[in-house]
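Novice: Can you look at this prediction? I've put the sequence above it.
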Amino acid sequence: MADRRLQVFHTVARLLSFTKAAETLHMTQPAVTFQVRQLEEHFNTRLFDRTHNRISLTEAGKRVFEFADRIFVLYDEMEEAVREMTGEVSGVISIGASTTIAEYMLPALLGDFRTQYPDVNVQLKVSNTDGIVSMVENNVIDLGVVEAPVSNKNLLVEVCRMDELVGIVPPGHALADRASVTLEELLKFPYICREEGSGTREVIQEYLQSCQVNVNEVSICMELGSPEAVKGAVEAAMGVSIVSRATIHKELQLGTLVALPLEPRLERPFSFVHQKQKFRHRAMDELLDFARSYCETHQEI
């Protein structure tokens, strides 16, 4: 119902990028440019300054952006008010999750939620923790679910469950028969870690520091971009690693990996992250309530 030109302009202005706006809106970049130019023709003034492949809002653009913000908040409130009157739970929710959560926790949760609320369309974006927090900050997504602490005090962070991280080695490894290991024992072997920006990597680095282990002295043999890649490399006896216990249920059942609890124990929170002041749809509240309940009853996942 809201003016499409204004929606496109608002997204470009928020991200200050035609390319990112096109990705967010699932449009081509020429289509985004066309919508913005139509709005500029409507107002008979430029809304963006374009210099050296960067854009910024003109004074007119800043005013339009301020009004657009207010218009879309009122529009959301209107739609929500009507839905509450009719008892309808519907709409689109955009959520983002870091890799471990998206691959091992959310599929079952979102599947059960969709069964209960078939008229809610949940769109999922996957990135590392830094990327998800950035998307929440820039209002690209409504809700983030991350696996590392969040430092931005302007965001609301709510722990949904705790996750244990364990050492992993292949069967037959020198440590495979141990009931638990210390970091010093595990890190005598070549270590496989996640990429920069990964929540798992950040938590493990903090754990190393708390155990007074110099990160620069760790013998890192590989840096990989997903839990599946890390597990595959350890199964191939290329090194050892530390991963979420939630990611290795299948491998433990098949006997292709051995899990080694760490001493001292290593845990991290899985957390919901969203804007403090942002207007929330009823569907968003229902998803949060459903996810809280789900996490309480599925601690083993």
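Specialist: Alright, I've got the coordinates.

Novice: So for this protein, which residue is the most central one in space?
Specialist: Nearest to the geometric centre of the chain sits residue 97, at 2.7 Å (C-alpha atoms, centre = their mean).

Novice: Name all residues that make contact with that one.
Specialist: For residue 97, the contact set (C-beta atoms under 8 Å, 6 or more residues apart in numbering) comprises 105, 106, 124, 125, 126, 132, 144, 145, 146. For the C-beta atoms, the positions are set from N, CA and C on the backbone; glycine is no exception.

Novice: Surely the third one is in a strand?
Specialist: Yes: under DSSP: H, G, I helix; E, B strand; the rest coil, residue 124 falls within a strand.

Novice: Specify which residues of the stretch 201-301 of the chain, grouped into ranges, have pLDDT under the cut-off.
Specialist: 277-280, 298-301 (pLDDT under 70).

Novice: let's go with 90 and repeat that
Specialist: Scanning the stretch 201-301 of the chain for pLDDT under 90 picks out the ranges 201-203, 211-218, 225-226, 246, 269-270, 274-301.

Novice: Please enumerate the strands of it.
Specialist: Listed in chain order, the strands of the stretch 201-301 of the chain (DSSP state E, counting those that start in this stretch) span 220-224, 241-244, 258-260, 262-263, 266-275.

Novice: Next, the buried residues of the longest one.
Specialist: I take that to be strand 266-275. 266, 268, 269, 270, 271, 272, 273, 274, 275 (16 or more other C-beta atoms under 10 Å).

Novice: and which of the residues you listed is nearest to residue 74?
Specialist: The nearest member of the buried residues of strand 266-275 to residue 74, counting by C-beta to C-beta, is residue 275 at 17.2 Å.

Novice: And the buried residues of strand 266-275, which is closest to residue 281?
Specialist: Closest to residue 281, out of all of the buried residues of strand 266-275 and judged by C-beta to C-beta, is residue 274, at 11.6 Å.

Novice: give me the beta-bridge partners of the nearest residue to that closest one once chain neighbours are set aside?
Specialist: Nearest non-adjacent residue to residue 274, counting by C-beta to C-beta, 6 or more residues apart in numbering: residue 143, 5.0 Å away. For residue 143, the beta-bridge partners are residue 95 (DSSP bridges).

Novice: I figured residue 143 was touching residue 93, is that so?
Specialist: Yes: at 6.9 Å, residue 143 counts as touching residue 93 under the criterion of C-beta atoms under 8 Å.

Novice: Mind putting the contacts of residue 97 into TSV with distance to residue 35, pLDDT and neighbour count?
Specialist: Converted to TSV, these look like this (distance: C-beta to C-beta, whole Å; pLDDT from 0 to 100; neighbours: other C-beta atoms under 10 Å):
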residue	distance to residue 35	pLDDT	neighbour count
105	37	85	25
106	32	89	20
124	26	91	15
125	22	90	17
126	27	90	15
132	27	91	30
144	28	92	29
145	31	91	23
146	32	89	27
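
Novice: Grab the two from the residues you listed that are most spread out in space.
Specialist: The distance between the two most remote of the contacts of residue 97 (C-beta to C-beta) is 15.2 Å, for 105 and 125.

Novice: what about residue 291, how many residues close to it?
Specialist: Neighbour count of residue 291, defined by other C-beta atoms under 10 Å: 23.

Novice: contacting residues around it?
Specialist: Applying C-beta under 8 Å, 6+ apart to residue 291 gives the contacts 109, 113, 145, 160, 272.

Novice: Which residue, neighbours along the chain excluded, lies closest to the last one?
Specialist: Meaning residue 272. That would be residue 158: by C-beta to C-beta, 6+ apart, it lies 4.6 Å from residue 272.
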